[in-house]
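Enquirer: Got a predicted structure plus its sequence, pasted below:
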Amino acid sequence: MTPHLLLLLVPILSTQGANFVDICTDSSGNKCCAEGMNNSEYWIMQSLGTWTELDIECRLESSPNSKLVVFQNRAENDCLIKYLTDEYRGDALKKYAIGLKSPDDYKGVYEWRADADVTPTFTNWVSGYPKDQAYVYMTAGVGAAQNGKWTDTTSAEKIYGICERSK
């Protein structure tokens, strides 16, 4: 993405205003707090966008401390599902971009987009996935076969996102 395009996106993206939540202290999700979560806040992004658009919006929201969520362990993944289930009880299935992506030249290899790209220490794929697409989302809501499972997708699919920032 060119610097000129980013400059055009900044006014659009910065008008929405993020609502970051400390899930460890919030009553939704029963104050679930996995190892490493006490240093993070999360924003459930309510606007549809492609994985790349959501990644850019998240990074610009609280730069340099924000990124699409990176699950350090299964417990953090599960705490986010508990939060989404309680906070958005009754909502239809939604797809949420997470910070897991396949590098352009390495189909089938998935890395967390963090300060340094890191291979996941656990996986939570839907049965039959991944299918060598570059971008990853998780599902939650009424109609999800299993809340919190990961699926890979194309660059064009419109989804929601979960943004994480350091406190």
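Expert: That came through fine.

Enquirer: residues of stretch 83-90 that come out buried?
Expert: 83-85, 88 (16 or more other C-beta atoms under 10 Å). Just so you know, the C-beta spots here come from the backbone N, C-alpha and C atoms, and that holds for glycine as well.

Enquirer: quick one: which of those is nearest A97?
Expert: L84 (13.4 Å; C-beta to C-beta).

Enquirer: Validate this expectation: the closest one resides in a helix.
Expert: Yes. Counting by DSSP: H, G, I helix; E, B strand; the rest coil, L84 is part of a helix.

Enquirer: so the residue most central in space within the chain is in which element?
Expert: The centroid of the chain falls nearest to I98 when counting by C-alpha atoms, centre = their mean (2.7 Å). Assessed by DSSP states H and E, I98 sits inside strand 94-101.

Enquirer: in this protein, which spans are helices?
Expert: 3-13, 51-61, 74-87 (DSSP state H).

Enquirer: any idea how far E87 is from N30?
Expert: Taking C-beta to C-beta, to the nearest Å as the criterion, E87 is separated from N30 by 11 Å.

Enquirer: Apologies, that question was intended for W125.
Expert: In terms of C-beta to C-beta, W125 sits 26 Å off from N30.

Enquirer: what about the two, which has more around it?
Expert: W125 (15 against 11; other C-beta atoms under 10 Å).

Enquirer: Quick check: bridge partners of the more buried one?
Expert: W150 (DSSP bridges).

Enquirer: Enumerate every residue touching it.
Expert: Shown in contact with W125 (C-beta atoms under 8 Å, 6 or more residues apart in numbering): 149-151.

Enquirer: which residues touch the residue lying closest to S27 once chain neighbours are set aside?
Expert: With sequence-adjacent residues excluded and distances taken as C-beta to C-beta, 6 or more residues apart in numbering, S27 is closest to D86, at 7.9 Å. By C-beta under 8 Å, 6+ apart, the contact set of D86 is 27-30.

Enquirer: Y83 touches C33, doesn't it?
Expert: No. Assessed by C-beta atoms under 8 Å, Y83 is found out of contact with C33, at 10.5 Å.

Enquirer: what touches both of those two?
Expert: Common neighbours of Y83 and C33 (C-beta under 8 Å, 6+ apart) are I23.

Enquirer: Contacts only, for the residue lying closest to R74 once chain neighbours are set aside.
Expert: Among residues not flanking R74 along the chain, F122 sits closest, at 5.0 Å (C-beta to C-beta, 6+ apart). The contact partners of F122, by C-beta under 8 Å, 6+ apart, come to 71, 73-74, 77.
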